[in-house]
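[1] kindly return the folded structure for what I paste below:
(one chain, ligands or ions: 2)
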Amino acid sequence: MSDKAIVVAVDGPSGSGKSSVSKGVARRLGLRYLDTGAQYRAMTWWMLRNGVDLADREAVAAACPKPVIVSGTDPDEPSITVDGTDVAAGIRTAEVTGAVSAVAGVQAVRDRLIELQRQIIAAALAQSAGVVAEGRDIADVVCPQADSKIFLTASPTARAARRSAELGAVVAGGSAGTLADLARRDAEDAKTTRPHEAAPGAIVVDATHLTLDQVIERVVELVETARG
Ligand SMILES: Nc1ncnc2c1ncn2[C@@H]1O[C@H](COP(=O)(O)OP(=O)(O)OP(=O)(O)O)[C@@H](O)[C@H]1O
Ligand SMILES: Nc1ccn([C@H]2C[C@H](O)[C@@H](COP(=O)(O)O)O2)c(=O)n1
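    Ligands and ions are numbered 1, 2, ... in the order given. From the prediction side, this is the model:
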């Protein structure tokens with residue numbers, strides 16, 4: 001097996017299992033883990049906290065250089081801070097989830113976070129065995145030179161059922177409400193990225209009928225095959 005540090009890109013729609021699978025693969029292969037969605041959420045958290053009008057794209061673009069966002073890449077303990085504040089829980093609220101697509105749709109935000117993501121990936125390549133980076137545009141925009149590209153998907157009902165189970169009864173309307181929330185966010189995200197389309201060179205992994213462990217195993221096999 002080659003000793004070259006590697007990048008594994010994992011993209012896919014909301015709730016397809018990107019975070020759980022990417023962390024599991026990173027642990028198995030001794031890689032770092034980068035959650036790019038958490039960075040868009042952290043930017044949104046900061047905008048909401050600072051009273052930026054999210055309907056005003058110019059205001060969002062003007063404000064986006066200000067927050068200092070730091071991502072920790074240990075797959076056992078991923079972390080994210082904004083201006084030194086731990087926002088790991090704060091970025092998962094319904095308020096942030098409902099607002100994040102609007103912020104992620106502003107090109108100046110994307111430019112800033114993509115630059116940050118490339119810096120983190122470069123540091124991981126220099127200092128470790130590599131990184132699993134997950135999001136919506138890793139394989140086609142952030143890191144087209146990734147060594148392995150995975151497009152992780154699952155049926156809308158499987159994604160909604162899994163997300164519902166994770167959230168318990170918190171979402172109004174239960175699994176049906178979650179299904180509608182996922183569909184709405186995917187539709188919003190599709191204005192900016194391609195959440196339902198595999199990038200050129202990406203291998204599609206359909207997790208609808210697979211357990212989490214089976215998906216991790218499948219992705220590890222694909223990465224090891226590509227590594228040679
Ligand atoms: N193959 C699977 N079988 C059963 N449950 C799964 C599977 N994959 C993921 N899950 C569960 O589904 C839920 C959503 O997974 P996860 O948060 O990893 O998705 P995601 O794609 O990162 O979501 P988002 O895009 O919203 O950040 C979690 O509760 C996770 O444990
Ligand atoms: N590379 C990325 C990652 C995420 N986003 C957007 C799309 C999502 O609605 C939002 C939050 O991501 P999640 O935590 O649910 O994976 O961020 C993006 O545009 N590009």
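
[2] now Asp11: phi and psi?
    The phi and psi values for Asp11, taken as degrees, to the nearest 10, are phi -120, psi 160.

[3] one more: Ile203?
    In terms of degrees, to the nearest 10, the main-chain angles of Ile203 are phi -100, psi 130.

[4] next, count neighbours for it.
    When counting by other Cβ atoms under 10 Å, one arrives at 15 neighbours for Ile203. Heads up, the C-betas are built off the backbone N, CA and C, glycines and all.

[5] show me the contacts for it.
    Ile203 makes contact with Ser148, Lys149, Ile150, Phe151, Leu222 under the criterion Cβ atoms under 8 Å, 6 or more residues apart in numbering.

[6] pLDDT added to those, as a markdown table?
    Conversion of the contacts of Ile203 to a markdown table gives the following (pLDDT from 0 to 100):
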| residue | pLDDT |
| --- | --- |
| Ser148 | 98 |
| Lys149 | 98 |
| Ile150 | 98 |
| Phe151 | 98 |
| Leu222 | 98 |
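
[7] right, and out of those, which lies closest to Thr81?
    Ranking the contacts of Ile203 by separation from Thr81, with Cβ to Cβ as the measure, puts Ile150 on top at 27.8 Å.

[8] and that closest one, what are its bridge partners?
    Ile150 has the following beta-bridge partners by DSSP bridges: Val10, Ile203.

[9] so what's the residue count around it?
    30.

[10] what's near enough to touch it?
    For Ile150, counting by Cβ under 8 Å, 6+ apart, the contacting residues are Val8, Ala9, Val10, Asp11, Ala202, Ile203, Val205, Val219, Leu222.

[11] can you put the residues you listed in TSV and add distance to Cys64?
    Formatted as TSV, the contacts of Ile150 follow (distance: Cβ to Cβ, whole Å):
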residue	distance to Cys64
Val8	28
Ala9	24
Val10	25
Asp11	22
Ala202	28
Ile203	33
Val205	33
Val219	32
Leu222	35
